[in-house]
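Participant: A structural model of the following input is requested.
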Amino acid sequence: MSESRAVGLRERKRARTSSAIHNAAVHLVLERGFDAATIDAISERADVSTRTFFNYFPSKEDAVLGIDEAAISGELDKPREAPDDLFLAVFDLLYALFEAGGGKHDDPDLTREVIQRHPQLMTRQMLRVAEVEGRLSEIVAEWMAGDPRFAADSEAERLDEARIVIGICMATVRVSMKKWASERNAGAADADGSVDPRKTYERSITTLRTVLERLS
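Facilitator: Numbers count the residues shown, from 1 in each chain. I've put the predicted structure just below:
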C-alpha cells in the first residue's frame, strides 16, 4: 500500500470515529440531558474506550459540539484583504470561526437543537475562538497596517490595538449569546419557529456602534 493511500485511510478512519463520538454525544444529551450524558456513556454508545474519546475530544462539551480544529485552522489561514470596516470584519471572522468550529456534522439540525436547549455550549464554542486569539490578533494587526489611522503605529502597538478590538468584539458576542438564549426561552421565534443567532448577533453589532459613537 502506498504511503499516500495509507494516510488517506487513517484520515477517513479518524473522521468516522470522530463523527461516531460526536453523534453519540448529541443523541445522548437530547435523550438524557446534558449532565446525565457522561463521557463513559458517550464512549459506550460510540463503541470506543474513554481513552479513545480523549484522543479526539478534550471534554464532553467539545464532543457534543464536534469542534473541528482543522476547520478552525483553515479559516484562520484563508487569505484576506484589508477591510473597509474593521469592526464588521472582525465580527464576521469571529462568526466564521464559530461556524467552522462546529465541523461537518451528519445532522447539523440536531447540533443546533442541543445548543438551543443548552446555550452554555455556544459559550464553549466562543471560548475556543478565544483560545486562538494570538492568531486572530495577528490577522487584525495586519488589517490595521493598511489603515491610515493605524499605519504610523509600530507593529507592537498595532498588535496591542488588535487585542483590544478583539476583546471588545468578544464581549459583544457574549452579550449577543445571552440575548439569543433569552429570546429563545421567551419564545421570540421567527416565522419558521426558530431563533436565528445571526440576527441577534447583528443587532449587537449595531448596539456596539451606537455606544462607541456616543462615547466618542
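Participant: list the helices and strands the helix or strand of the chain with the lowest mean pLDDT packs on?
Facilitator: Here the helix or strand of the chain ranked lowest by mean pLDDT, DSSP states H and E is helix 120-131, holding a mean of 73. Helices and strands touching helix 120-131, by 3 or more Cβ pairs under 8 Å, 6 or more residues apart in numbering; DSSP states H and E, are helix 60-65, helix 86-100, helix 108-117, helix 155-186. Bear in mind the C-beta positions are built from the backbone N, C-alpha and C, glycine included.
Participant: That helix vs helix 86-100, what angle?
Facilitator: 120 degrees (axes from the mean of the first three to the mean of the last three Cα atoms, to 10 degrees).
Participant: if we can go back for a sec, which of the helices and strands packed on helix 120-131 is buried the deepest?
Facilitator: Compared across these, helix 60-65 shows the largest average neighbour count, a mean of 23 (mean count of other Cβ atoms under 10 Å).
Participant: how about it as CSV, C-alpha atoms only?
Facilitator: The C-alpha coordinates for helix 60-65 follow below in CSV (Å, rounded to 0.1, in the frame of the first residue of the first chain):
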residue,chain,number,x,y,z
LYS,A,60,-17.8,16.4,26.8
GLU,A,61,-18.7,19.9,25.6
ASP,A,62,-16.3,19.6,22.7
ALA,A,63,-17.7,16.2,21.7
VAL,A,64,-21.3,17.5,21.7
LEU,A,65,-20.2,20.4,19.5
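Participant: 37 is where my numbering starts, stick with that
Facilitator: Sure, I'll start counting at 37 from here, so that last one is helix 96-101.
Participant: Now the least confident helix or strand of the chain - C-alpha only, PDB.
Facilitator: Only the C-alpha atoms of helix 156-167 are listed here, as PDB (Å, rounded to 0.1, in the frame of the first residue of the first chain):
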ATOM      1  CA  GLN A 156     -23.700  27.300  27.600                       C
ATOM      2  CA  LEU A 157     -22.400  25.200  24.700                       C
ATOM      3  CA  MET A 158     -22.300  28.300  22.500                       C
ATOM      4  CA  THR A 159     -20.200  29.900  25.100                       C
ATOM      5  CA  ARG A 160     -17.800  27.000  24.900                       C
ATOM      6  CA  GLN A 161     -17.600  27.500  21.200                       C
ATOM      7  CA  MET A 162     -16.700  31.100  21.600                       C
ATOM      8  CA  LEU A 163     -14.100  30.300  24.300                       C
ATOM      9  CA  ARG A 164     -12.500  28.000  21.700                       C
ATOM     10  CA  VAL A 165     -12.300  31.000  19.400                       C
ATOM     11  CA  ALA A 166     -10.600  33.000  22.200                       C
ATOM     12  CA  GLU A 167      -8.000  30.300  22.600                       C
END
